[in-house]
Each structure stands twice: as structure tokens, then as C-alpha cells.
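**Q** for reference, the sequence and a predicted model appear below.
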Amino acid sequence: MIAKTEFLQRRETLMSKLPVGSVVVVASAEMHQKGNGTEAAFTQDSDFLYLTGFNEPQAWLVLIHDDVRNGQAKNHRSVLFCQTKDKLAEIWNGRRLGVEQAPSELLVDEAHAIDDFEGLLPELLNEQKQVYFLLGSDDAKEAELMLALQLLRQAPKQTKTAPSMIVDLAPMLHEMRLFKSPAELAVMREAAEMSCRAHVRAMKRVQEGVFEYQLEADILHEFAMSGARSAAYNTIVGAGENACILHYTDNNCAVKKGDLVLIDAGAHYQGYAADITRTFPVSGKFSEAQASLYNLVLESQLKAMQVLVPGNTLKQATQVAVEVICQGLIERSILSGSLEYNLEHATWRQFFMHGLGHWLGMNVHDVGNYKVNGEDRPLQPGMVLTVEPGIYIDSQADVDPKWHGIGIRIEDDIVITADGHEVLTQNVPKTIDDIEALMAEK
């Protein structure tokens with residue numbers, strides 16, 4: 001659990017980067033209808049959650065940069081707008097924190113009813129120099145901000161002035177989110193560990209005739225029993241050639257004895273995501289062709305991970321993985337020609353068509369720039385990313401039929417440390433010997 005003082009510190013850190021006269025305005029997510037009067041499960045906006053720890057809809061956070069407040073070296077005033085306590089509404093839709101409790105629970109200076117937001121926002125923006133907002137994130141929310149600015153511009157006789165600049169908050173806030181604190185990493189380790197247990201459970205559960213969605217159910221059940229209410233993304237369970245569909249989520253086929261099963265699944269725990277992929281045989285034993293390609297993918301991952309240390313880049317690791325895969329495909333006569341030719345013409349992309357990895361955090365594809373000043377950014381301690389090479393050969397590929405229908409991906413989550421990296425997802429088997437030994441316990 002992340003302490004509420006950390007959310008306060010995040011707000012302090014953000015405002016310390018802004019000049020006096022700045023106002024930050026961030027909106028919560030809203031409830032969405034599934035149809036026929038029912039609502040979809042609420043998912044809070046990650047940026048709002050990062051700054052508040054508040055998991056309710058219909059809320060706004062306003063941060064106003066003050067030079068010194070109440071004689072203390074505090075650099076901002078925080079104002080939260082939220083739903084009021086309402087007995088009838090809470091009977092129907094659940095409990096609310098309410099205006100009275102918000103300051104002490106969220107460590108904000110003031111709290112007001114959400115119904116007062118439209119009237120009070122112009123006053124909070126009055127005479128400030130610039131307003132920071134997540135531009136382009138929500139047209140309706142942006143329109144509310146623009147209305148407040150318009151009201152200020154139309155009130156010069158009342159000696160009111162609007163901020164002269166609107167600045168996109170995303171680059172600064174997302175750069176902060178890219179580097180995880182010790183508390184965030186502790187939560188992510190928990191998310192990773194429960195995800196590992198879910199993958200182990202699926203490996204033990206699989207047998208001929210089981211449906212992909214039943215393996216998905218095992219995954220989700222393990223998440224829930226471990227304390228994670230939901231998955232971080234739609235779970236992928238692809239058996240046989242379905243594993244060659246990168247974002248396969250139908251999960252409606254029965255697995256067959258000779259199949260490999262690819263499962264890409266991660267828990268969403270206390271606001272943070274895990275992301276693991278494992279590929280394993282239904283029979284408990286890899287065939288010769290399956291083992292050959294599996295070991296190639298594993299070799300590419302392990303060699304790429306050696307490069308993922310401070311000062312190196314994700315692009316460098318990708319190049320290593322690509323060279324391993326490309327050479328391996330040539331040796332197996334899946335590609336022809338020299339390594340140099342295949343690298344130059346990117347022939348390998350027909351079998352490995354996605355990137356090596358991505359940032360991981362509150363979102364499974366988390367925020368943060370991959371380049372700085374046009375250059376691939378060096379890795380630094382506190383960054384968390386996935387490492388997920390793969391090979392996918394569908395039944396239409398012009399290769400020896402023994403390779404047809406094999407889809408393999410191996411994915412782990414790592415955090416960059418001062419002297420290398422830590423694998424957060426190491427507690428789920430990924431060598432052939434370890435996978436087959438685990439499955440033999442069924």
C-alpha cells in the first residue's frame with residue numbers, strides 16, 4: 001500500500017518544477033455505461049490517481065503554486081472537488097469519501113462539492129500566469145477548462161485576468177511516472193508475484209480438451225484470490241495457431257494435445273500492472289520443432305536482458321535480440337541468405353513483428369518518452385520495462401510445414417537498478433527443463 005504522504009510528495013515534486021503563478025488542473029475518470037442502465041467497472045485515470053490516490057469518479061484536482069504558504073516552505077495549495085455524501089446515492093452506487101473527509105484522508109488543503117467546480121474554477125485561475133492541463137486527453141474536460149478561461153477573459157471590468165498560457169502537463173508528469181519509487185516497486189513486486197502464481201496454476205491446469213477461456217478463468221481466479229480485483233489488460237490464451245495472433249483474446253477454442261499454449265496475462269494490483277507471457281506444451285513435453293524455436297526465443301531474451309543495464313538503451317537490446325533470432329532462423333532454414341542480408345532487409349519481421357518491450361507501471365503500456373532530444377534514451381535506475389521477444393509462424397508461411405502453427409513469446413518484467421536489473425517475474429518457469437518438470441507434477 002502506498003502511503004498518502006507519498007501522493008502529497010508527488011504533488012510537491014511536480015509543483016517544484018513549475019514557476020510561481022502556475023495552476024495544475026487534473027480530472028478524474030468518469031463512470032461509463034455498458035447498456036440498459038448498467039455501468040462498467042470503474043477504472044480511475046492513472047494521472048489523477050498518481051497525484052491523489054483517490055479512486056472515485058466525478059472529481060477534479062487543482063494545484064496552485066504559491067511562493068510560501070502559512071509561513072511554511074510548501075510550494076502549492078491543493079484543492080479537490082469531489083462528490084458529496086448522499087445517503088440515497090450511496091445505497092445505490094456505493095460509499096463516497098465526501099467533502100468533509102477529503103482533506104484529512106487525501107492530505108489536500110481544501111475540498112469542495114463537485115457541483116461547485118464550474119463556479120469556483122475561474123476564481124482559482126484568476127490572476128495566475130499559466131495553467132497546466134493534460135491536453136487532448138478528454139475533450140469534455142478540456143471544454144470545462146476553456147469555459148472557465150473564457151469567463152475570466154470576459155470579465156475585465158471585474159479586474160479579473162485569465163492565465164496567458166495553457167501548457168500540456170503530460171511531458172512533465174509522465175517523466176515523473178517513468179521512475180518508480182521504492183513504494184511503487186514494492187507494489188509492482190506483489191503484482192508480479194501473484195501473476196507468476198497464476199501462470200504456474202495455468203501450466204498445472206492445462207490438458208487436452210480444456211477451453212482457452214477456462215485457462216483464463218484460472219488466471220483471473222488466482223489474481224482475485226491473491227488480492228488483485230482485475231487483470232491489467234485482456235488476458236491472451238492462444239492455443240496452437242491462435243498463438244500467432246498477437247492480441248488474440250477470443251479465448252474460445254479447445255486446446256489439443258500437440259498444441260503449445262501462449263498465455264499473456266498480468267494482474268492489476270493497487271493501481272499497478274504486471275505483464276507476463278509464457279508458452280508451454282499441452283502434453284507437458286515440447287516436440288523437437290517446438291523446443292528448437294522455444295530455445296531460440298529464450299536465448300534472444302536472455303542475451304537482450306544482459307544489455308538492459310544503466311547507460312544502455314532499449315534499442316541496443318532490441319538489436320541483440322533481433323540478431324539472435326535472425327541467425328537462428330537462418331540456421332533452421334526458415335530464412336535464407338546471410339545474416340547481414342536479412343538484417344538489412346528486415347526479413348525477420350515476418351516472424352517477429354513487434355517490439356522487444358515497453359515501459360510498465362500504472363498502465364501496462366506505461367507513459368514516458370523512449371527518446372530524448374531525438375535520441376534513444378539511456379536506461380536509468382527506477383525504470384520498469386518488459387522484455388518480450390517472440391517468433392510466430394502461421395500455417396500460410398512459406399517454410400517447412402513442421403514449423404507451421406508455432407507461436408512463442410516469453411515475457412518478463414524488469415526494473416533497472418544501479419548495477420544492472422532485477423527480474424520481477426522470475427518465479428514462473430521459462431526453461432524447457434523447468435516447464436516440463438512443473439507440468440510433470442500435475
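**A** Yep, that arrived. Numbering: from 1, shown residues only.
**Q** the helix or strand of the chain with the lowest mean pLDDT: which residues count as buried?
**A** Least confident helix or strand of the chain, by mean pLDDT, DSSP states H and E, is strand 33-35 with a mean of 75. Buried residues in strand 33-35, counting neighbours by 16 or more other Cβ atoms under 10 Å, are absent. For the C-beta atoms, the positions are set from N, CA and C on the backbone; glycine is no exception.
**Q** what sits up against that strand?
**A** 39-40 (Cβ atoms under 8 Å, 6 or more residues apart in numbering).
**Q** Glu436 belongs to a strand?
**A** No. Counting by DSSP: H, G, I helix; E, B strand; the rest coil, Glu436 is not part of a strand but helix.
**Q** from Ser287, how far off is it?
**A** Separation of Glu436 from Ser287 (Cβ to Cβ, to the nearest Å): 12 Å.
**Q** what's the average pLDDT for whichever helix or strand comes after the least confident helix or strand of the chain?
**A** Where DSSP states H and E defines the elements, the next helix or strand beyond strand 33-35 is strand 38-39. In this model, strand 38-39 has a mean pLDDT of 78.
**Q** partner strands of strand 38-39 and their direction?
**A** Sheet pairing here is set by DSSP bridges, and for strand 38-39 it gives strand 33-35 (antiparallel).
**Q** starting at the chain centroid, how far to the strand it pairs with?
**A** Strand 33-35 has its C-alpha centroid displaced from the chain centroid by 25 Å (Cα atoms, centre = their mean, to the nearest Å).
**Q** and what of stretch 114-134?
**A** With Cα atoms, centre = their mean as the basis, the mean position of stretch 114-134 lies at 30 Å from the chain mean.
**Q** and it, C-alpha only, in CSV?
**A** The C-alpha trace of stretch 114-134 is given here as CSV (Å, rounded to 0.1, in the frame of the first residue of the first chain):
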residue,chain,number,x,y,z
ILE,A,114,-18.2,18.8,-7.5
ASP,A,115,-21.3,20.9,-8.2
ASP,A,116,-19.3,24.0,-7.2
PHE,A,117,-16.4,23.3,-9.7
GLU,A,118,-17.8,25.3,-12.6
GLY,A,119,-18.3,28.3,-10.4
LEU,A,120,-15.1,28.2,-8.4
LEU,A,121,-12.6,27.2,-11.1
PRO,A,122,-12.5,30.7,-12.6
GLU,A,123,-11.6,32.1,-9.2
LEU,A,124,-8.8,29.7,-8.7
LEU,A,125,-7.4,30.5,-12.2
ASN,A,126,-7.8,34.3,-11.7
GLU,A,127,-4.5,36.3,-11.9
GLN,A,128,-2.4,33.2,-12.4
LYS,A,129,0.1,33.2,-15.3
GLN,A,130,-0.2,29.7,-16.8
VAL,A,131,-2.4,26.7,-16.5
TYR,A,132,-1.1,23.1,-16.9
PHE,A,133,-3.6,20.5,-18.3
LEU,A,134,-3.4,17.1,-19.9
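**Q** so the residue nearest to Tyr269 when sequence neighbours are not counted: helix, strand or coil?
**A** Nearest non-adjacent residue to Tyr269, counting by Cβ to Cβ, 6 or more residues apart in numbering: Ala191, 3.9 Å away. At Ala191, secondary structure determined by three-state DSSP is helix.
**Q** in contact with Ala191, which residues?
**A** Ala191 makes contact with 228, 232, 266-270, 272-274, according to Cβ under 8 Å, 6+ apart.
**Q** next step: the residues you listed restricted to strands.
**A** 267-269, 272-273 (DSSP state E).
**Q** list the buried residues in stretch 274-285.
**A** For stretch 274-285, by 16+ other Cβ under 10 Å, it's 274-284.
**Q** er, stretch 41-57 I mean
**A** Neighbour-count burial for stretch 41-57 [16+ other Cβ under 10 Å]: 44-54, 56-57.
**Q** out of the residues you listed, which are inside helices?
**A** Here DSSP state H is the test, and those give 46-52 as lying in helices.
**Q** ok, which pair from the residues you listed is furthest apart?
**A** Between any two of those, the greatest separation by Cβ to Cβ is 11.2 Å, found for Ser46 and Thr52.
**Q** what's the burial count for Val324?
**A** By the measure other Cβ atoms under 10 Å, the count of residues near Val324 is 20.
**Q** look up how far Ala304 lies from it.
**A** Taken as Cβ to Cβ, the span from Val324 to Ala304 is 8 Å.
**Q** for Val415, same thing?
**A** Distance from Val415 to Ala304, by Cβ to Cβ: 16 Å.
**Q** settle it for me: which of the two has more neighbours?
**A** Neighbours were tallied for Val415 and for Ala304 using other Cβ under 10 Å; the higher tally belongs to Ala304 (25 against 20).
**Q** circling back to that earlier point, out of the buried residues of stretch 41-57, who's nearest Arg96?
**A** Using Cβ to Cβ, Glu56 is the member of the buried residues of stretch 41-57 that lies nearest Arg96, at 6.5 Å.
**Q** report the buried residues of stretch 92-102.
**A** Residues of stretch 92-102 classed as buried by neighbour count (16+ other Cβ under 10 Å): 96-99, 102.
**Q** may I see those residues arranged in a markdown table, with pLDDT as well?
**A** As requested, the buried residues of stretch 92-102 are exported to a markdown table (pLDDT from 0 to 100):
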| residue | pLDDT |
| --- | --- |
| Arg96 | 96 |
| Leu97 | 96 |
| Gly98 | 96 |
| Val99 | 97 |
| Ala102 | 97 |
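**Q** among these, which lie within helices?
**A** Counted as lying in helices by DSSP H, out of these, are Ala102.
**Q** I'm done for today, thanks for sticking with me.
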